[in-house]
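> test case, fold it:
(one chain, ligands or ions: 1)
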Amino acid sequence: MEKARKLFIAGNWKMNKTVAEATDLVKALKRDLAGIRDVDIAVCPPFTALYPVGQLLDNTNIKLGGQDLYWEKFGAFTGEVNAAMLKDVLCTYVIVGHSERRQFFHETNETVNKKTKAALAARLKPIVCVGETLAERESGKTEAVVQEHVLKGLAGLSAEDLAEVTIAYEPVWAIGTGKTATSQQAQEVHAFIRKLLAQLSDAKTAARVRIQYGGSVKPSNAHELMSQPDVDGALVGGASLTARDFVEIIQNVRK
Ligand code: PEP
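Predicted coordinates for the structure are as follows:
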C-alpha cells in the first residue's frame, strides 16, 4: 500500500524471554524477515537480553530497542540504565512512557520529557507512548489526555529532534485486552496528534513523524489499521512474542 511515511513495526517483549528464548525468537525473525527493506522493523527485549540479541541483529534489517531508560548520565541510581548503556549494546530505539510504566512505576509527563531528551542527546530514537484509559475515553477526555501527553512529553524539542521521535498511540483499554481500537478511532486520534506536533514545531516536521498504533495488534487487524493515512506502523506487545505472529503482521502490512 502507498503510504506517506515508511511503516515502522516494533515488538515490545515486556518482561518476557530468557536469553535462550530471546535468541531463539530473534534467529527465527532474522530468517523470516531477511531482506525486507520497505518496512522498518525493531524488537525491544528486556534489558537482560539486549546484548545477545544485539549481537545477532548487528548489521541486519531488524533494529534493537530498549524498553525504558533513565535520564542521568551515570551514578548512584540503583536499578537504572542510561542512554549510553543502551547505545553500547547496539540499541537504535528506546520506548519511553509506556502506559505500564505510567501505571505501575509513577512515570509522568515530566519524566517522559526528561527521558526523551536524554535519549535524543545520545542519538537514540525514542518511541514515546501516549494514550487514554477506558475511564478517560468514556468521560470524553481522550483528546485532553493525549494533548497533555504529547505537549508535555515532547516540550522543548527542536524540530530536528522531533523528526527523530516516533509516537505510539496506545489506548490503555486496548493493551493486552484483545480489544482493538477501530481503524477509524485510531485515525481520529492519530490525526489529532499530528496537529499537536505541528503546534510544537511546524507542519513539515509533523508530516515526517511516524505515529504507530498499539493495542492488541495481531495479524488479522494489522492491515486494516495501517490502511489509515495517519497510522504509520504498530507497537506490538503480545503478538511480538512468537515469530509466526510478528512475521505475519509484517507480511500483512506490506500487502
Ligand atoms: C504494548 O505493549 O505496547 C501493546 C500494545 O501490547 P499488546 O499488543 O499486547 O496489546
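
> need the nearest residue in space to Thr48, chain neighbours excluded.
Spatially, and ignoring its direct neighbours in sequence, Thr48 is nearest to Val19 (6.6 Å; C-beta to C-beta, 6 or more residues apart in numbering). Backbone N, C-alpha and C define where each C-beta goes, glycine included.

> dihedrals phi and psi, the one you found?
phi -60, psi -40 (degrees, to the nearest 10).

> burial of it, as a residue count?
15 (other C-beta atoms under 10 Å).

> tell me who's in contact with Thr108.
Arg102 (C-beta atoms under 8 Å, 6 or more residues apart in numbering).

> look up how far the ligand lies from it.
19 Å (C-beta to the nearest ligand atom, to the nearest Å).

> show me where pLDDT drops low in the stretch 1-150 of the chain?
Low-confidence segments of the stretch 1-150 of the chain, defined by pLDDT under 70: 1.

> partners of Val128 in the sheet?
Val96, Ile167 (DSSP bridges).

> wait, doesn't it sit right on Glu164?
No: using C-beta atoms under 8 Å, Val128 is not in contact with Glu164, being 10.8 Å away.

> and for His21, the neighbour number?
Check again: residue 21 is Glu, not His. What Glu21 shows, counting by other C-beta under 10 Å, is a neighbour count of 14.

> quick check: which element contains it?
helix 19-33 (DSSP states H and E).

> check which residues of that helix are buried.
For helix 19-33, a neighbour-count test (16 or more other C-beta atoms under 10 Å) marks 22-23, 25-26, 29, 33 as buried.

> thought Ala49 was touching the residue nearest to Thr48, still the case?
Yes: Val19 lies in contact with Ala49 (C-beta under 8 Å); the separation is 5.4 Å.

> tell me which residue lies nearest the centroid of this protein.
Ile127 (4.2 Å; C-alpha atoms, centre = their mean).

> let me see the contact set for that residue.
By C-beta under 8 Å, 6+ apart, the neighbours of Ile127 are 10, 65, 93-96, 165-168, 212, 235.

> picking that back up, now, which of the buried residues of helix 19-33 sits nearest Arg102?
Ala22 (25.2 Å; C-beta to C-beta).

> list the contacts of that closest one.
Neighbouring residues of Ala22 by C-beta under 8 Å, 6+ apart: 13, 45-46, 49, 52-53.

> please list the members of those that lie in helices.
Among the contacts of Ala22, the members found in helices (DSSP state H) are 49, 52-53.

> can you tell me which of those residues is nearest the ligand?
Nearest to the ligand among the ones in helices among the contacts of Ala22 is Ala49, at 16.3 Å by C-beta to the nearest ligand atom.

> and the contacts of the helix ranked longest in the chain?
For the chain, the longest helix by residue count, based on DSSP H, is helix 183-200. With contact meaning C-beta under 8 Å, 6+ apart, helix 183-200 is reached by 130, 142-143, 146-147, 150-151, 154-155, 157, 162, 167, 169, 171, 181, 205-207, 209, 211, 213, 224-225, 227-232.

> please repeat the previous calculation with a cut-off of 6 Å.
143, 150, 154, 167, 169, 206, 209, 211, 213, 224-225, 228, 230-231 (C-beta atoms under 6 Å, 6 or more residues apart in numbering).
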